[in-house]
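A.B. asks: Turn this into a structure:
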Amino acid sequence: MGEASLGFLNANQAAAEGAITAGLKFFAGYPITPASDLFEYLAKKLPKYGGVVVQSEDEIAAINAIIGASWAGAKAMTATSGPGFSLMAESIGFAAMTETPIVIIQNMRAGPSTGVATATGQGEVMQSRWVSHGHYGIVVLTPFSSQEAYDLTIKAFNIAERLRVPVVVLMDYVLVHTRERVVLKKPPEVEVLERKKPTKPPGEYRPYEPDPEDLVPPMANYGEGYAVLVESMAHDERGYYAPVDDVYERLVKRLVDKIEVNRHMVVESATYHTDDAEVLFVAFGSVARSVMSVVKEARMEGKKYGLFRPISLWPMDEKGLRKAAENAEQVIVVEMNYGQLVREVERIVRDKPVHLVPLLKLDLPTPEEIVEAARRWL
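C.D. replies: Below is the predicted model:
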């Protein structure tokens, strides 16, 4: 049995360790604040585990390199921040269409555009889900501690490999530089999953023919003796271009539905004092840490506050959110943007008043600032 060890790591370093635990073998990236320290950490450590780290000429090259590495059979990852993530948009859609398992660590900073490179923000809630054009499926996980950065990066690889989807681990600037104790696990203490391989002989293999139970096609890699087609245009199960209504509809529905069918391995959330909460806060990332302090202080004063924290941001734990809001008279969404997560909360919690606390600050808001901003509803 593998033995756990302890590290004192920031969330970027913890995510790097999680990737190594999950079996990362290829990393490509381009330096950008605040993701560069993850890049530097892997450059030193990954080769010791038989992996390769490449500095590409830009973010477009980086994501295309990991897509290629994934099709060669390697678990692959990149890391970036807002402007770099924007450059990756087309290739994320390509990975979704070709059902390529990849992981992207996305460090949010203050935007738009270059914004403030050394300040925090949460402006990529919608971008992380809808960065590319067309309709497709993607998974976004969002930790709020270094330990979760480690754990969720392992989970990101498991989801990417088993469901053949791009998975984004979304963290904000404050979190990625927060250094904490992290328990580093090894299999079998932690589950590490691999992609499904074909069971049919090469002559019968169809690259995009899904298993009916989970809607995920087994994946043959280059060099394994199979005819592998990586087709970004609308394609049939053979991988051949097929601009036909029923083929296109079946393909796009499956790209989305395979995540819904497998929600049990994706959806996750955490709740704090929600059983009797009359005021329910919703927050994620480092902001949730400040909100948690608000809830703890309020409980000491006899006020019935609670917190719902989405861990899977896309798709969100809708049942969990509705249950957490059952007894609430007010739902207050706290986020460091001008209103993004609140739109999804409004869609899910339809029978409660939902209020936005938009904190457009360059530093993490204090509990006192959150209470002051939400005072009218408290």
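
A.B. asks: and the gap between residue 96 and residue 280?
C.D. replies: 33 Å (C-beta to C-beta, to the nearest Å). Backbone N, C-alpha and C define where each C-beta goes, glycine included.

A.B. asks: out of these two, which sits in the more crowded spot?
C.D. replies: residue 280 (29 against 22; other C-beta atoms under 10 Å).

A.B. asks: I'd say the more buried one and residue 307 touch.
C.D. replies: Yes: using C-beta atoms under 8 Å, residue 280 makes contact with residue 307 at a distance of 7.4 Å.

A.B. asks: between these two, what contacts are shared?
C.D. replies: Counting by C-beta atoms under 8 Å, 6 or more residues apart in numbering, the shared contacts of residue 280 and residue 307 are residue 274.

A.B. asks: any residues touching the helix or strand hosting residue 129, and which ones?
C.D. replies: If you go by DSSP states H and E, residue 129 is part of helix 125-130. Helix 125-130 is contacted from outside by 82, 85-86, 106, 138, 140, 168, 170, 313-314, 335, 337, 340-341, 343, using C-beta under 8 Å, 6+ apart.

A.B. asks: average pLDDT across it?
C.D. replies: In this model, helix 125-130 has an average pLDDT of 98.

A.B. asks: next one: stretch 241-259
C.D. replies: Averaging pLDDT along stretch 241-259 yields 98.

A.B. asks: show me the contacts for residue 233.
C.D. replies: Contacts here follow C-beta under 8 Å, 6+ apart; on that basis residue 233 touches 241, 243.

A.B. asks: brain fart, residue 378
C.D. replies: Going by C-beta under 8 Å, 6+ apart, residue 378 touches 279, 330, 371.

A.B. asks: you'd agree the second one is up against residue 278?
C.D. replies: Yes: with contacts counted by C-beta under 8 Å, residue 330 reaches residue 278, the gap being 7.5 Å.

A.B. asks: Let me see the domain layout of the protein.
C.D. replies: 5-184, 270-377 (automatic domain parsing).

A.B. asks: Out of these, flag the one nearest residue 258.
C.D. replies: Judged by C-beta to C-beta, the one of the domains of the chain that comes nearest to residue 258 is domain 5-184, at 5.9 Å.

A.B. asks: What ranges does the protein have for its helices?
C.D. replies: Ranges of helices in the chain, per DSSP state H, are 11-22, 36-45, 59-71, 82-87, 89-98, 125-130, 146-163, 173-176, 245-261, 285-300, 318-324, 341-348, 367-373.

A.B. asks: Determine which of these approaches residue 206 most closely.
C.D. replies: Nearest to residue 206 among the helices of the chain is helix 245-261; the distance by C-beta to C-beta comes to 13.0 Å.

A.B. asks: if we can go back for a sec, between residue 330 and residue 278, which is the more surrounded one?
C.D. replies: residue 330 (18 against 12).

A.B. asks: That one: what's it in contact with?
C.D. replies: Each residue near residue 330 by C-beta under 8 Å, 6+ apart is listed here: 278-280, 352-353, 355, 377-378.

A.B. asks: right, and out of these, which lies closest to residue 159?
C.D. replies: residue 280 (27.6 Å).

A.B. asks: Model confidence for the closest one, exactly?
C.D. replies: At residue 280, the predicted lDDT confidence score is 98.

A.B. asks: Kindly report the same for residue 1.
C.D. replies: 43.

A.B. asks: Any regions of the chain where pLDDT drops low?
C.D. replies: Applying pLDDT under 70 to the chain picks out residues 1-2.
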